[in-house]
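> Predicted coordinates and the sequence they were generated for:
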Amino acid sequence: MINANRIEELNKEQLIELCKMFAKNWIAHDGCWFLALEKKYDMDTAIEVDIEAWRNFTVIEAKKIMRFLGLEKKSGVSGLKQALAFRLYSSLNEDEIIEENGNTVLYKVKTCRVQAARRRKNLSDFPCKQVGVVEYGYFAKTIDESFETECISCPPEITDNDYYCIWKFTLNPNN
C-alpha cells in the first residue's frame, strides 16, 4: 500500500510507476474507443476516425513534450530522438531509436501493447500503417518541419518479423 494522499507525496519510484499506469490507462482508453467504433460501424470507419483523432493528438503530444524538454522548433535529429523517447508509448513498448548518418532516425517497435491486446482477444492485428503515417509523420514535422516520414514495416505490411513496426525519419535539407 502506498502511504500518500497526493501525487506530490510520492517518491521517484512511485511516480515512475504512476506514469506507467497513466500511460496504460490512456492506451486502454484508446483501445476501448477504437473497438467501440469498430463494433458499431466497421474497421474502415474506425480507422478513418482514428486517423483524424491522431492528426490532432500527435501534434498536441509533440508540442507538450517539446515544452517539457525545452526543445526548440527545428530541433532536428537530436530533438526527434529525445521526443520519441518521451512519448506515452515509450514506457509501455520495447523500442529502439537509432540515428543513421546524421540526418536519419529509425524508430523500431519490438513489443506493442496494442497488437498484443488484440491477439489476446483473438482479434487480427490492427492494420495501423495508415494511422501511423499520420501519427508519426505529424509528430516528426511538429518537432522539425524538415522531416520526411517513411513506413518501413507495419501491419498490414510487415517486412521485418522481429519488430511490430519500423519508421524512418529523414531530415530533408530542402524543407
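Cool, the structure landed.
> ok, residues contacting the helix or strand bottoming out on mean pLDDT in the chain?
Across the helices and strands of the chain, mean confidence by mean pLDDT, DSSP states H and E is lowest for helix 113-120: a mean of 86. Residues outside helix 113-120 that contact it (Cβ atoms under 8 Å, 6 or more residues apart in numbering): Lys24, Ile27, Asp30, Gly31, Leu92, Asn93, Ser124, Asp125, Phe126, Cys128, Pro155, Tyr164. Any C-beta I mention is one placed from the backbone N, CA and C, and that applies to glycine too.
> Adjacent strands (with direction) for the helix or strand hosting Lys108?
Lys108 belongs to strand 104-109 when assigned by DSSP states H and E. Strand 104-109 sits in its sheet next to strand 95-100 (antiparallel), strand 165-171 (antiparallel), going by DSSP bridges.
> residues in contact with the last one?
In this case it means strand 165-171. Contacts of strand 165-171 (Cβ under 8 Å, 6+ apart): 76-77, 80, 103-109, 112, 128-129, 132, 136, 140, 144, 146-155, 159-160.
> Can you name every helix or strand that the longest helix anywhere in the chain contacts?
Identified as the longest helix of the chain according to DSSP state H is helix 12-40. Helix 12-40 sits against helix 43-69, helix 113-120, with contacts defined as 3 or more Cβ pairs under 8 Å, 6 or more residues apart in numbering; DSSP states H and E.
> got the buried residues for the first one?
For helix 43-69, the neighbour count (16 or more other Cβ atoms under 10 Å) marks Ala46, Ile47, Asp50, Ala53, Trp54, Phe57, Thr58, Glu61, Ala62, Ile65, Met66 as buried.
> and what of the shortest one?
Neighbour counts over helix 113-120 (16+ other Cβ under 10 Å) mark Arg113, Val114, Gln115, Arg118 as buried.
> sorry, back to before: just the ones of the contacts of strand 165-171 in strands?
104-109, 147-153 (DSSP state E).
> So which of these is the closest to Asn11?
Set against Asn11, the nearest of the ones in strands among the contacts of strand 165-171 by Cβ to Cβ is Val109 (30.2 Å).
> Can you name the residues bridging to the closest one?
Val109 has the following beta-bridge partners by DSSP bridges: Asp95, Cys165.
> okay but it is in contact with Ser90, surely?
No: at 10.3 Å, Val109 does not count as touching Ser90 under the criterion of Cβ atoms under 8 Å.
> More neighbours: which of those two?
Each of Val109 and Ser90 has its neighbours counted (other Cβ atoms under 10 Å); Val109 has more, 21 against 15.
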